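# Need the 3D shape of this:
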Amino acid sequence: QVQLVESGGGLVQAGGSLRLSCAASGRTFSTRVMGWFRQAPGKEREFVANINWSGSYTYYADSVKGRFTISRDNAKNTVYLQMNSLKPEDTAVYYCATARVLASTKPYYDNWGQGTQVTVSS
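Residues are numbered from 1 along each chain as shown. Purely as a prediction, here's the structure:
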């Protein structure tokens with residue numbers, strides 16, 4: 001089983017940037033799809049972005065396309081989410097997760113981190 005630990009969240013003004021990291025333990029990291037999800041208060045957890053095992057394919061939710069970039073470093077067992085041009089509506093707890101297939105829905109993801117809070121002030 002893969003264990004995931006997110007970091008890099010915080011408070012930022014609208015228009016600012018943050019980079020989230022997700023460190024994974026376990027030998028299977030490099031073979032897994034990695035995804036980022038977020039959950040705002042009172043809302044369902046929603047898909048943000050995912051990346052295939054090699055990093056050659058990425059996919060984004062429309063709400064973050066052009067502003068967020070997902071990447072991974074398999075040598076460091078880490079996946080990143082670079083978030084630029086942040087908006088107040090990006091405020092949420094951000095989670096990373098692993099999957100065996102490329103998917104944008106939660107049921108396909110079988111390991112989750114504990115989340116990191118991102119707050120964007122207006």
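# Tell me which stretches of the protein form strands.
Under the criterion DSSP state E, strands of the chain are mapped to 3-7, 10-13, 18-25, 33-39, 46-51, 58-60, 68-73, 78-83, 92-99, 109-112, 116-121.
# Can you give me the distance of the residue minimising distance to the centre of the chain to Asn111?
Taking C-alpha atoms, centre = their mean, the centroid of the chain lies closest to Trp36, which sits 2.5 Å from it. Per C-beta to C-beta, to the nearest Å, Trp36 is found 13 Å from Asn111. C-beta coordinates here come from the backbone N, C-alpha and C atoms, glycine included.
# Now for those two: what residues contact both?
Jointly contacting Trp36 and Asn111 under the rule C-beta atoms under 8 Å, 6 or more residues apart in numbering are Ala97.
# Just give me the neighbour total for the residue nearest to Thr69 when sequence neighbours are not counted.
In this structure, Thr69 finds its nearest non-sequential neighbour in Gln82, 4.4 Å apart by C-beta to C-beta, 6 or more residues apart in numbering. By the criterion of other C-beta atoms under 10 Å, Gln82 has 14 neighbours.
# residues contacting Gln82?
Here Gln82 is in contact with 17, 19, 68-71 (criterion: C-beta under 8 Å, 6+ apart).
# and Tyr95, what are its bridge partners?
Per DSSP bridges, the residues bridged to Tyr95 are Phe37.
# who's in contact with it?
Tyr95 touches 6, 36-39, 45, 112-115, counting by C-beta under 8 Å, 6+ apart.
# Quick one: buried ones out of these?
Buried members of the contacts of Tyr95, counted by 16 or more other C-beta atoms under 10 Å: 6, 36-38, 45, 112-113, 115.
# Which residue is the nearest non-sequential neighbour of Gly10?
Leu18 (6.3 Å).
# follow-up on the earlier one: tell me, what's the model's pLDDT at the residue nearest to the centre of the chain?
Per-residue pLDDT puts Trp36 at 98.
# Kindly report the same for Phe29.
85.
# so what's Gly16 closest to, chain neighbours aside?
Counting by C-beta to C-beta, 6+ apart, the nearest residue to Gly16 once its immediate chain neighbours are dropped is Leu86, at 5.4 Å.
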